[in-house]
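> Coordinates only, no sequence provided:
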């Protein structure tokens, strides 16, 4: 065995890895990326719950109760509302996870030993968050009630939360999962676009394009339009499966769903155009799209596990995915009957992503063979 020859091979391989960005990413950065992504599979904590309150009592005990619920920051009071209608608007728009209703006479009933009831209005469109939220509020309420002064030997004060689950009263996982999964499976047209772009480089048809007067912008917009159109057909088929096979309720407007699906395709396919600028073969394209888009969409988009809003890094990762915003849209339209006025935040996020990605792809497009 020659040490000199071994070192020569060693140097050659280091040069090979360093000069190939895809290989460099695969052997150095991809394990860390996968660790960040897959760790969320086992992190089943609820995270931060956003709450609104309809306080019809306004007594000191009701304020103490709210302070006890929000003391550690895991439950965050974001707004006080004056009516059930206002509470419903916040839940439909996805701005809060739960609305707490404190009835008149809360303090008198609780301290009088007769017991007081509060009402929880829970967003059931995400069953995982809903179940954990109900359990969390019940536990915190029990701890608070146990610290109340006892008016008599046989009279133990208590506060009982009465839960009303909205949009998915039975908390059926399938009803919540199917609309969310639509956002994930509709990544497939974007993957097909990436494969089509890299296939032209791989088989040599891209060389023919160089001899034509077609501009890069025209080429990219033509590709994008064709795949968005085909993607709408796949979205329609997926919608029929959700409605006819899984019997998921559809309470929104069909036109608004397809309009926002186009916006979602603009964002996801815009990412495909950018990635295709750096990729030369279909095998690598498949791997990169699965790694960057498809796999994270299962685990950090809020589909299965609640988004951790307490950590800036994890929240940034989640909201950088187009899927995260489209899951909020599909669940909102399907289960809540949400309108565009309720979904403007995820719609703007997707529109911004698509515009930036398209602009980048135009700048990166090279009408030549490297």
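Nice, thanks for sending it over. Keep in mind it's a predicted model, so treat the numbers as computed, not measured.
> my guess is residue 101 meets residue 119, correct?
Yes: at 3.9 Å, residue 101 counts as touching residue 119 under the criterion of Cβ atoms under 8 Å. No exception for glycine: its C-beta is placed from N, CA and C like everyone else's.
> which residues touch the most centrally placed residue in the chain?
Compute the mean C-alpha point of the chain, and by Cα atoms, centre = their mean the closest residue is residue 324, 2.5 Å away. Counting by Cβ atoms under 8 Å, 6 or more residues apart in numbering, residue 324 touches 297, 300, 301, 302, 307, 318.
> hmm, 10 Å instead?
By Cβ atoms under 10 Å, 6 or more residues apart in numbering, the contact list for residue 324 reads 183, 296-297, 300-303, 307, 315, 317-318, 346, 349-350.
> Let me know the closest of those residues to residue 280.
Closest approach between the contacts of residue 324 and residue 280, by Cβ to Cβ: residue 296, at 23.5 Å.
> what about that closest one, distance to residue 232?
Look at residue 296 and residue 232: by Cβ to Cβ, to the nearest Å, they are 24 Å apart.
> When those two are compared, which one has more neighbours?
When residue 296 is set against residue 232 and neighbours are counted by other Cβ atoms under 10 Å, the residue ahead is residue 296, at 23 against 16.
> So which elements touch the host helix or strand of the more buried one?
Applying DSSP states H and E as the criterion places residue 296 in helix 295-299. In terms of contacts (3 or more Cβ pairs under 10 Å, 6 or more residues apart in numbering; DSSP states H and E), helix 295-299 is packed against helix 30-42, helix 173-185, helix 312-319, helix 322-331.
> Report the angle between the longest helix belonging to the chain and helix 173-185.
As assigned by DSSP state H, the longest helix anywhere in the chain is helix 216-240. Note on geometry: by axes from the mean of the first three to the mean of the last three Cα atoms, to 10 degrees, helix 216-240 and helix 173-185 are set 160 degrees apart in direction.
> what about the stretch 151-300 of the chain, any weak spots by pLDDT?
Within the stretch 151-300 of the chain, the segments meeting pLDDT under 70 span 151-158, 204-214.
> Can you pull the phi/psi pair for the closest residue to residue 56 other than its chain neighbours?
Among residues not flanking residue 56 along the chain, residue 104 sits closest, at 4.8 Å (Cβ to Cβ, 6 or more residues apart in numbering). Here the main-chain torsion angles of residue 104 (degrees, to the nearest 10) amount to phi -60, psi 150.
> check contacts around residue 104.
When contacts are counted by Cβ under 10 Å, 6+ apart, residue 104 touches 55, 56, 57, 58, 59.
> now those residues in a markdown table, with distance to residue 260 and pLDDT?
Shown next, in a markdown table, are these (distance: Cβ to Cβ, whole Å; pLDDT from 0 to 100):
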| residue | distance to residue 260 | pLDDT |
| --- | --- | --- |
| 55 | 35 | 93 |
| 56 | 36 | 92 |
| 57 | 40 | 90 |
| 58 | 40 | 86 |
| 59 | 44 | 88 |
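> Return the member of those residues nearest to residue 133.
The closest of the contacts of residue 104 to residue 133 turns out to be residue 55 (Cβ to Cβ; 18.8 Å).
> circling back: report the buried members of the contacts of residue 104.
With burial judged by 16 or more other Cβ atoms under 10 Å, the buried subset of those is 55, 57, 59.
> Now tabulate those residues in JSON lines and tack on secondary structure and distance to residue 187.
JSON lines is the format used below for those (DSSP: H, G, I helix; E, B strand; the rest coil; distance: Cβ to Cβ, whole Å):
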{"residue": "55", "secondary structure": "strand", "distance to residue 187": "43"}
{"residue": "57", "secondary structure": "coil", "distance to residue 187": "48"}
{"residue": "59", "secondary structure": "coil", "distance to residue 187": "51"}
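> Show me the helices in the stretch 251-370 of the chain, by range?
Applying DSSP state H, counting those that start in this stretch to the stretch 251-370 of the chain gives helices spanning 254-276, 282-289, 295-299, 312-319, 322-331, 344-364.
> follow-up on the earlier one: pick the most deeply packed of the helices and strands packed on helix 295-299.
Most buried of those, by mean neighbour count (mean count of other Cβ atoms under 10 Å): helix 322-331, with a mean of 27.
> just how off-centre is stretch 255-272 within its chain?
15 Å (Cα atoms, centre = their mean, to the nearest Å).
> same thing with stretch 107-122?
Counting by Cα atoms, centre = their mean, stretch 107-122 comes out at 35 Å from the chain centroid.
> same question, stretch 85-97
With Cα atoms, centre = their mean, you get 18 Å for stretch 85-97.
> and it, which residues are buried?
Buried, per 16+ other Cβ under 10 Å, within stretch 85-97: 87, 90, 91, 92, 93, 94, 96, 97.
> Show me those residues that map onto helices.
Those of these mapping onto helices are 87, 90, 91, 92, per DSSP H.
> could I get those residues as TSV with pLDDT and distance to residue 138?
Output for those, formatted as TSV (pLDDT from 0 to 100; distance: Cβ to Cβ, whole Å):
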residue	pLDDT	distance to residue 138
87	92	20
90	92	22
91	92	19
92	92	25
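> mind putting these in TSV, distance to residue 144 included?
Shown next, in TSV, are these (distance: Cβ to Cβ, whole Å):
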residue	distance to residue 144
87	22
90	24
91	24
92	29
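> mean confidence for stretch 123-141?
On average, the pLDDT along stretch 123-141 is 87.
> All set, thanks.
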